[in-house]
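> please find the sequence and the predicted model below.
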Amino acid sequence: EVQLVESGGGMVQPGGSLRLSCAASGFTFSLYDMSWVRQAPGKGPEWISHINRGDSSTVYADSVKGRFTISRDNAKNTLYLQMNSLKPEDTAVYYCKVRFNGVDYWGKGTLVTVSS
């Protein structure tokens with residue numbers, strides 16, 4: 001069974017940093033591309049970053065480019081999102097996602113609140 005468990009969210013002041021983690025199980029993590037998606041209150045899901053399985057190349061949405069860094073540790077089956085220079089508009093529930101056998105799996109998410 002595919003399982004994704006996010007952690008590391010919390011409340012932070014504008015300009016602060018957080019590091020999110022996503023522990024993966026139930027599939028061979030190193031063989032799959034992974035993504036982070038967020039959903040702000042009252043809004044639809046927003047894809048923010050993707051990391052390839054092979055060369056760990058990365059892609060970012062313009063809204064987070066230069067501030068967020070996605071990475072993976074295949075030995076630990078864990079995906080990360082380092083978030084710097086956080087803004088109030090980054091407030092959202094953050095989810096990691098994997099497409100496994102043609103089906104998108106999401107974790108339950110971790111809440112990030114950016115507020116002074």
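Nice, thanks for sending it over.

> hey, what's the most centrally placed residue in the chain bridged with?
The centre of the chain sits closest to W36, judged by C-alpha atoms, centre = their mean, with a distance of 3.2 Å. Beta-bridge pairing of W36 under DSSP bridges involves S49, C96.

> G16 versus that one, what's the distance?
18 Å (C-beta to C-beta, to the nearest Å). In this view, the C-beta of every residue, glycine as well, is placed from N, C-alpha and C.

> Y94 now?
For Y94 relative to G16 (C-beta to C-beta), the value is 15 Å.

> between the two, which has more neighbouring residues?
Legend: neighbour count by other C-beta atoms under 10 Å for Y94 and G16, higher for Y94 (23 against 15).

> on the three-state scheme, that one is what?
Put simply, Y94 is strand when judged by DSSP: H, G, I helix; E, B strand; the rest coil.

> and it, what's its pLDDT?
Note on Y94: pLDDT of 98.

> identify the residue spatially nearest to N84, adjacent ones excluded.
S17 (4.7 Å; C-beta to C-beta, 6 or more residues apart in numbering).

> double-check A40 against E46; I have them as touching.
Yes - A40 is in contact with E46 according to C-beta atoms under 8 Å; the separation is 7.2 Å.

> which residues do the two both contact?
In terms of C-beta atoms under 8 Å, 6 or more residues apart in numbering, A40 and E46 are both contacted by the residues A92.

> assumed D55 was part of a strand.
No - remark: D55 does not belong to a strand; assigned using three-state DSSP, it is coil.

> still on that earlier bit, ok, the residue nearest to N84 - contacts?
S17 neighbours (C-beta under 8 Å, 6+ apart): Q82, M83, N84, S85, L86.

> next one: V112
With C-beta under 8 Å, 6+ apart, V112 has these contacts: 9-10, 12, 18, 20, 38, 83, 86, 90-94.
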